[in-house]
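**Q** below is the structure, and that's it, no one-letter string:
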């Protein structure tokens, strides 16, 4: 039922055509859900946006496109990682073995992050050494747990150019802004009441460059000794949440986006505005 990793990227591009899209109600404030057209799997799943069970509809017959956030590779995997990915694995096996659905699974590996940088300073090695070491360890751990590997792993550092292009598009659409310091923030006010659908998030007043305390970083200006990439806003690196939004959209849309417990409020709250732009 599973395609070999070497065909992963091409399979993703073919398989991802349309996705289920949350839509606003006429009043504009409810978590409305427009049931998509497509192949009805016969599976009913809990929809974290509508807060109720919904039929799992696929864009392509018996092909489910599945995206998951992998680890931020700065330390050993722990019991929480194991529990989450084993649960995801069980769900995938149910879809494939009980319902005859081919699961095309892509996982992002966050290999640039504040925690990775801090660990590299502590160990006096480059962030790349830290991230590669713990990435390989994570894969071995998942293999030991008999978790089916994704069709393709996607590292953030190998997709920064796509992230930059994605951010430029968000700015053009009027949903983000750059500061004089070289940071870029998502403009929460530009999407009205759609922000906070999941948790009623209020944000943080920690950065004076924000227009709204709820605005979150899409691009961070590089600080001394930090890895960086060139961009229209100067040297910097991607913000944490834009990484998943961009990579999840590489092939247009996804059918299933599971989020680990503890990450659900933050990851989903930030990714939905990005993905709906």
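**A** Looks like it arrived, so ask away. Treat the numbers as computed from the prediction; the structure is a model and nothing was measured.

**Q** in which helix or strand does residue 244 reside?
**A** Taking DSSP states H and E as the criterion, residue 244 maps to helix 240-248.

**Q** now do that helix: distance to the chain's middle.
**A** With CA atoms, centre = their mean, to the nearest Å as the basis, the distance from the averaged C-alpha position of helix 240-248 to the chain average is 5 Å.

**Q** repeat that for stretch 133-152.
**A** Relative to its chain's centre, stretch 133-152 lies at 18 Å (CA atoms, centre = their mean).

**Q** cool, and stretch 102-111?
**A** 10 Å.

**Q** what is the mean pLDDT for that stretch?
**A** Taken as a whole, stretch 102-111 has an average pLDDT of 93.

**Q** ok, now stretch 37-48?
**A** 88.

**Q** just stretch 154-172 next, same as before
**A** 94.

**Q** buried sites along that stretch?
**A** Buried residues in stretch 154-172, counting neighbours by 16 or more other CB atoms under 10 Å, are found at 154-157, 159-160, 162-164, 166-167, 170-171. Backbone N, C-alpha and C define where each C-beta goes, glycine included.

**Q** can you check stretch 219-236 too?
**A** 219-222, 226-227, 229, 231, 233, 236.

**Q** switch those residues over to a markdown table; also include secondary structure, pLDDT and distance to residue 77.
**A** Listed next are these as a markdown table, based on DSSP: H, G, I helix; E, B strand; the rest coil; pLDDT from 0 to 100; distance: CB to CB, whole Å:
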| residue | secondary structure | pLDDT | distance to residue 77 |
| --- | --- | --- | --- |
| 219 | strand | 96 | 28 |
| 220 | strand | 96 | 26 |
| 221 | strand | 96 | 31 |
| 222 | coil | 94 | 28 |
| 226 | coil | 94 | 25 |
| 227 | coil | 95 | 23 |
| 229 | strand | 97 | 27 |
| 231 | coil | 97 | 31 |
| 233 | coil | 97 | 34 |
| 236 | strand | 97 | 28 |
